[in-house]
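J.: With the input below, show me the fold.
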Amino acid sequence: MTTSKAACVGRPRGFDIDLALEQALNVFWRNGYEGTSLNELTEAMGIKKPSLYAAFGNKEQLFLKAIELYENRPDALFNTAFKHAHIADVFRGLLFGAAAKFTDCSHPQGCALINSTLSCTEASESIKQAVLERKASNKQKLIARLEQAKVQGELNANCQPEVLARFISILLQGMSVQASEGASVDELQQVAAMAAEGILTVCVKR
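T.: Model (predicted):
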């Protein structure tokens with residue numbers, strides 16, 4: 001009598017892939033892409049290098065997956081702000097949301113997307129370009145939301161969505177850097193309040 005064995009389907013992973021990706025994100029967030037070593041990643045993720053390669057590919061692919069996780073979180077800055085129906089609340093959501101999220105002590109300070117490439121050299125040009133493309137995509141989403149608000153009559157006629165989106169992007173980047181350098185939530189909220197008041201006064205119909 002002949003018996004047949006079921007085909008081997010491979011050993012299951014001995015770690016939580018989502019949790020490991022979260023840990024990798026925090027390391028990249030804190031140290032930046034170039035400042036992060038494979039040893040730091042595997043130690044934080046609780047896995048060996050072969051497991052990292054098998055699950056995520058190389059360091060670059062792991063970074064891109066981590067940033068995708070960061071951007072797609074339900075509580076991500078843009079996702080949360082864009083839930084508001086009125087453009088004035090979108091502005092407040094972005095600015096006050098940034099003040100709160102960038103200084104949240106449950107994770108590294110600042111914005112992971114901004115922090116990760118501040119010191120990138122030519123050796124990481126592909127990573128820098130990938131992050132710049134994501135920033136450009138976020139900016140285009142903001143421009144589209146501002147154009148919608150203008151069509152709906154929420155913004156003054158002389159308000160230029162592209163210029164306003166650039167202004168907000170610059171504010172967010174500056175707030176991220178300040179948070180990374182130790183600015184408190186109160187300090188960034190003061191900046192957010194001043195910026196929001198200026199934008200509402202100049203751009204939003206009363």
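
J.: from the middle of its chain, how far away would the least confident helix or strand in the chain by mean pLDDT be?
T.: The helix or strand with the lowest mean pLDDT-type score in the chain, counting by mean pLDDT, DSSP states H and E, is helix 112-115 (a mean of 90). Taking CA atoms, centre = their mean, to the nearest Å, one finds helix 112-115 lying 6 Å from the centre of the chain it belongs to.

J.: Stretch 49-56 now?
T.: Relative to its parent chain, stretch 49-56 has a centroid offset of 24 Å by CA atoms, centre = their mean.

J.: So which bits of it are buried?
T.: Neighbour counts over stretch 49-56 (16 or more other CB atoms under 10 Å) mark 51-52, 55-56 as buried. The C-beta positions use only the backbone N, C-alpha and C, and glycine is treated the same way.

J.: And the helix or strand that the least confident helix or strand of the chain is followed by, what does it pack against?
T.: Following the chain from helix 112-115 toward its C-terminal end, the next helix or strand by DSSP states H and E is helix 125-151. Packing partners of helix 125-151 (3 or more CB pairs under 8 Å, 6 or more residues apart in numbering; DSSP states H and E): helix 59-72, helix 77-81, helix 87-102, helix 112-115, helix 161-180.

J.: who wins for proximity to residue 151 among these?
T.: Between residue 151 and the helices and strands packed on helix 125-151, the shortest gap by CB to CB is with helix 161-180, which sits at 10.1 Å.

J.: now the angle between helix 125-151 and the closest one, please.
T.: Regarding helix 161-180 and helix 125-151, their directions subtend 130 degrees when assessed with axes from the mean of the first three to the mean of the last three CA atoms, to 10 degrees.

J.: Just the angle for helix 161-180 relative to helix 87-102, thanks.
T.: For the pair helix 161-180 and helix 87-102, the angle between their directions (the same axes, to 10 degrees) equals 20 degrees.

J.: For helix 161-180, which outside residues touch it?
T.: Residues from elsewhere that reach helix 161-180, judged by CB atoms under 8 Å, 6 or more residues apart in numbering: 77, 91, 94-95, 98-99, 102-103, 108-111, 114-115, 118, 135, 138-139, 142-143, 146-147, 150, 155, 183, 187-188, 191-192, 195, 199, 203.

J.: Need the buried ones from the residues you listed selected in PyMOL.
T.: Typed into PyMOL, the next command selects the buried ones out of the contacts of helix 161-180 (criterion: 16+ other CB under 10 Å):
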select buried, resi 77+91+94+95+98+99+102+103+108+109+110+111+114+115+118+135+138+142+143+146+150+155+183+188+191+192+195+199+203
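
J.: Let me know how buried residue 38 is, in neighbour terms.
T.: 13 (other CB atoms under 10 Å).

J.: Enumerate every residue touching the residue lying closest to residue 70 once chain neighbours are set aside.
T.: Across the structure, with CB to CB, 6 or more residues apart in numbering as the measure, the residue nearest residue 70 apart from its sequence neighbours is residue 112 (4.8 Å). Residue 112 makes contact with 25, 28-29, 66-67, 70 under the criterion CB under 8 Å, 6+ apart.
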